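S.K.: Can you look at this prediction? I've put the sequence above it.
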Amino acid sequence: MATLLFRSWQSLKSPTSLRLGGRRLSHHGTCPLPSRCSYPAACSSSSSPAAIGLEAETLLGFISGKMKATEVAHLVWKSILQKGDCAIDATCGNGHDSLALLRMIADDSGHGFVYAFDIQNSAIESTRSLLEESTDLDLKNYINLSLLCHSKIEDVVPKDAVIRLMAFNLGYLPGGDKGIITIAETTLPALQAASRVVASGGLISILVYVGHPGGRDELEAVQTFASNLPTESWSCCKLERLNRPAAPILVLLFKK
Ligand SMILES: C[S@@+](CC[C@H](N)C(=O)[O-])C[C@H]1O[C@@H](n2cnc3c(N)ncnc32)[C@H](O)[C@@H]1O
């Protein structure tokens, strides 16, 4: 992922093409990769500042401090996902991530699906309300809300589902009980399950909050998990604000 973003940034001036979450902005060359290719940076470029590209925009937004980690995460997801894809929201909470995912992948003909999980009934209901208020979609065709620990995703997600993205937004439910937090004991098995179900060319995105008790331990566990993934099949990186130690940290695990 780090390679993907940086290559995109470096190659802005070369006259090839730019694929952003399925949108092609310009094309002055022949892309050697299939149309469903997972390496947008391999064919990204533009000489126009107005079309610098989602990946470069995202990276610069984060570097300049103008973009929050959640916004960066959503833009990275947008680069990975296309209409019709399947994704998992491992911690649906108040539903903002599920809504963002649905907007990226649901199409008019019933394609695109989100499997969403949370252990709190209030979170499941909050997600349902947000989605009902914010979209005209017939939700039963596009999302499955499970009151279940994310370590159990394989009990819900069909074996043959092609999962392009699994998103974790760790910590506690904003506006809810701050004593109910994600913990390494279940986050780790969930990450292991994620590494099995996410398809090649897909992403595990983990937003880690370190400001609450237990947050740093969970970050350690996530980092150890990521560091041990084999380099032949995974590219793992993190985006961290060095002079804002309490800011959330975005860990991105890209399956090659
Ligand atoms: C930071 S919130 C998620 C925010 C959410 N993604 C949103 O967009 O509003 C973290 C959520 O993780 C949930 N959670 C904690 N442990 C969990 C587990 N083992 N499995 C699934 N969800 C869990 C909490 O109940 C809480 O709602």
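M.R.: Looks like it came in fine.
S.K.: Who are the contact partners of Cys236?
M.R.: 1, 226-227, 229, 251-254 (CB atoms under 8 Å, 6 or more residues apart in numbering). Bear in mind the C-beta positions are built from the backbone N, C-alpha and C, glycine included.
S.K.: tell me the least confident of those residues?
M.R.: For the contacts of Cys236, the weakest pLDDT value sits at Met1, with 39.
S.K.: Give the full set of residues in contact with the residue in the stretch 1-150 of the chain positioned nearest to the ligand.
M.R.: Per CB to the nearest ligand atom, Gly93 is where the stretch 1-150 of the chain lies closest to the ligand, at 2.6 Å. Counting by CB under 8 Å, 6+ apart, Gly93 touches 118, 123, 126-127, 169, 173-174, 176.
S.K.: give me that answer again for 10 Å
M.R.: Gly93 is in contact with 116, 118, 120, 122-124, 126-127, 130, 169, 171-176, counting by CB atoms under 10 Å, 6 or more residues apart in numbering.
S.K.: And Ile249, by the same measure?
M.R.: Residues in contact with Ile249, defined by CB under 10 Å, 6+ apart, are 69, 170, 206-210, 215, 219, 222-223, 238-241.
S.K.: quick one: it from Leu203, how far?
M.R.: Ile249 sits 16 Å away from Leu203, going by CB to CB, to the nearest Å.
S.K.: Next: Ala184.
M.R.: In this view, Ala184 and Leu203 are 21 Å apart by CB to CB.
S.K.: Leu148 too?
M.R.: For Leu148, the distance to Leu203 equals 22 Å [CB to CB].
S.K.: Looking at those two, which is more packed in?
M.R.: Applying other CB atoms under 10 Å to Leu148 and Leu203 shows that Leu203 carries more neighbours, namely 27 against 16.
S.K.: Run through the bridge partners of that one.
M.R.: For Leu203, the beta-bridge partners are Leu165, Phe254 (DSSP bridges).
S.K.: Would you mind confirming that it makes contact with Arg164?
M.R.: Yes: with contacts counted by CB atoms under 10 Å, Leu203 reaches Arg164, the gap being 7.4 Å.
S.K.: any shared contact partners between those two?
M.R.: 38, 77, 80-81, 87, 255.
S.K.: Let's have these in TSV, adding distance to the ligand.
M.R.: Converted to TSV, these look like this (distance: CB to the nearest ligand atom, whole Å):
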residue	distance to the ligand
Ser38	24
Trp77	12
Ile80	17
Leu81	16
Ala87	12
Lys255	21
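S.K.: Give me the secondary structure label for the residue nearest to His96 when sequence neighbours are not counted.
M.R.: Once flanking residues are discounted, His96 sits nearest to Leu130: 7.1 Å by CB to CB, 6 or more residues apart in numbering. Secondary structure for Leu130, judged by DSSP: H, G, I helix; E, B strand; the rest coil, is helix.
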